[in-house]
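> This is a predicted model, with the sequence first.
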Amino acid sequence: MHNRPPLPCRLAPPWRLLALALALAAAGVGNAQAAASIQGIGLMSGGSSTSVTGLSGLSGDGSVVLAKGNSASSGTQTLGLTWTASGGLVDLGLPALGSSSITPTAASTNGSTIVGYRSEDGGSTSTPFVWSSGSFSTLSGLGGSTAAAYAVSGDGAVILGSARNAANQWEAVRWVGGSTTDLGFVNGGTLSHGYGLNSDGSVAVGHALDGAASRYAPLVWTTGGATALTDVRGRFSWANAISTDGSTIVGTTGGAGGGRVAAYWDRATGSLHDLGDLPGGSVAGAGWDVSGDGSVMVGRGHSGAGYQPFIWTATLGMRELSDYLTNDQAMNLTGWVLSEVVAVSDDGNTLVGNGSYQGTQQSWVVTLNAAPVPEPESYAMLLAGLGVLGAVARRRRGQAAA
């Protein structure tokens, strides 16, 4: 048996100690991402006179923004537009009739399929359309004078909307593969509308007249048929959107003391969750959209300053959007007035809406910073880690010298 002499102690180079310290502190420091930003959307580039009059939707991945606009050549017609960070504003080129107005309302996850409606005769009639990869087509209604498409599944295969039937009643309608299916009424009611779809289009939401309860309630449709949520307050409640995973329905219901509040429902249980309203104003809120997993909701509340857009998460609660962006996202909103938030992307990091900049109407796209900026305590952890490593290095030097 041989007794092997101890190996000499070799000290790591300082740069390796520093790298190790940074790795040890990484959990506390985190990865700082690009700062939150706001992008104004106004005129089409290249000297075009086409300008945005309002944003109306967003693709699930947040890359394609839907908008309405007009130009000197369009006269009284309103154009359907899209905006991307790389391509700017683009006219969809949808055919208009006379003084018609094109409104794109929803897009598939990657924005390759867009649905909406073309209003005609001063808005008294409308025709639903689908646009996909440059090809435009109209959708059939239910025998009445008007119809509109409001939602589309992630892959663009399922479309949801509303149409007047032969009896001139509004009825929720679903389009799949060129076929048109009415979603029916609830408990003998005579009205229903479809506004939101989950990712694969198997669950539709909207609102309906519940004939048994004599009130308007959130509509939920699956292959089993249409039902109305019963955990509601007041006579007017409805659903505007559903998360892509199908778990969370967002909309509005009656306030505990009157008025209306933004709310969401857990689809599995049907239970109501009151989001409240912004402080200082009348109770008049509504939830417009929800992220893919239901964790981020956006909508409109009423404060002492009037109607204001809000963002909600379980941690934040309801926050007026400008306040949240300024104080939590360190965003410089000088000159901006954010009057409306329209939609949120599936990951919850992109918001779109309308407002003004330096007194001129301006739509906007906000990109949030998903990762928080490192807190001072995190830097303290880093320094502590370096201190410990320094002490270890000194001890090893002492052992080597002995």
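Yep, it's here.
> What backbone torsions are found at the residue nearest to Val130 when sequence neighbours are not counted?
Closest residue to Val130 in three dimensions, ignoring its sequence neighbours and counting by CB to CB, 6 or more residues apart in numbering: Val115, at 5.1 Å. Backbone N, C-alpha and C define where each C-beta goes, glycine included. Listed backbone geometry of Val115 is phi -120, psi 160, with angles given as degrees, to the nearest 10.
> I figured Val115 hits Thr127, correct?
No: the criterion here is CB atoms under 8 Å, and Val115 misses it with Thr127 at 11.7 Å.
> List the contacts of stretch 211-228.
Counting by CB atoms under 8 Å, 6 or more residues apart in numbering, the neighbours of stretch 211-228 from elsewhere in the structure are 172, 174, 183-194, 202-210, 229-230, 232, 234-239, 249, 251, 265, 267.
> Only the buried residues of it, if you could.
Taking 16 or more other CB atoms under 10 Å as the basis for neighbour counts, the residues of stretch 211-228 that come out buried are Arg215, Tyr216, Ala217, Pro218, Leu219, Val220, Trp221, Ala226, Thr227, Ala228.
> Also stretch 107-125?
When neighbours are counted by 16+ other CB under 10 Å, the buried residues of stretch 107-125 are found to be 107-109, 111, 113-120, 125.
> Could you do stretch 166-173 as well?
Buried residues in stretch 166-173, counted by 16+ other CB under 10 Å: Gln169, Trp170, Glu171, Ala172, Val173.
> if I look at the closest residue to Ala204 other than its chain neighbours, how far off is Asp293?
By the measure of CB to CB, 6+ apart, the closest residue to Ala204 outside its immediate chain neighbours is Trp221, 4.2 Å from it. Separation of Trp221 from Asp293 (CB to CB, to the nearest Å) stands at 21 Å.
> now swap in Gly348 and tell me
For Gly348, the distance to Asp293 equals 8 Å [CB to CB].
> And the helix or strand Ser339 falls within, what does it pack against?
Using DSSP states H and E, Ser339 maps to strand 336-344. Contact analysis of strand 336-344 by 3 or more CB pairs under 8 Å, 6 or more residues apart in numbering; DSSP states H and E lists strand 51-58, strand 286-290, strand 297-303, strand 306-313, helix 321-327, strand 350-357, strand 360-367 as its packing neighbours.
> Would you confirm that Gln77 contacts Gly69?
No: look at Gln77 against Gly69 with CB under 8 Å: they stay out of range, at 10.2 Å.
> what about the residue nearest to Ala204, helix or strand, and which?
When secondary structure is defined using DSSP H and E, the element that contains Trp221 is strand 215-222.
> quick one: the helices in this structure?
Per DSSP state H, the chain carries helices over the ranges 14-29, 321-327, 376-401.
> Among the buried residues of stretch 166-173, which lie within strands?
Taking DSSP state E as the definition of strands, those contribute Trp170, Glu171, Ala172, Val173.
> Can you report how many residues lie near the residue nearest to Thr253 when sequence neighbours are not counted?
With CB to CB, 6+ apart as the measure, Ser237 is the residue that lies nearest to Thr253, at 4.0 Å, once sequence neighbours are left out. Using other CB atoms under 10 Å, the number of residues around Ser237 comes to 24.
> quick one: Ser237 and Thr252 touch, right?
Yes: proximity of Ser237 to Thr252 meets the contact threshold set by CB under 8 Å, at 6.5 Å.
> Which neighbours do these two have in common?
Taking CB under 8 Å, 6+ apart as the contact rule, Ser237 and Thr252 both touch Ala263.
> returning to that earlier point: with the ones in strands among the buried residues of stretch 166-173 in mind, which one is nearest to Asn327?
Distances from Asn327 to these, taken as CB to CB, are shortest for Ala172 (40.5 Å).
> ok, how many other residues are close to Gly294?
The local packing of Gly294 (other CB under 10 Å) involves 21 other residues.
> swap that for Ser202, sorry
A count of neighbours around Ser202, defined by other CB under 10 Å, yields 13.
> Assess the claim that it and Ile242 are in contact.
No: proximity of Ser202 to Ile242 does not meet the contact threshold set by CB under 8 Å, at 10.6 Å.
> contacts for stretch 127-142?
80, 92-95, 104, 112-118, 120, 146-149, 152, 156, 159, 161, 163-166, 171, 173, 175, 180, 182.
> Next, the buried residues of it.
For stretch 127-142, by 16+ other CB under 10 Å, it's Thr127, Pro128, Phe129, Val130, Trp131, Leu139, Gly141, Leu142.
> tell me the average confidence for it?
Stretch 127-142 shows an average pLDDT of 91 in the prediction.
> Straight-line length of it, end to end?
The first and last residues of stretch 127-142 sit 11 Å apart, counting by CA to CA, to the nearest Å.
> and what of stretch 207-217?
Taking CA to CA, stretch 207-217 runs 6 Å from one end to the other.
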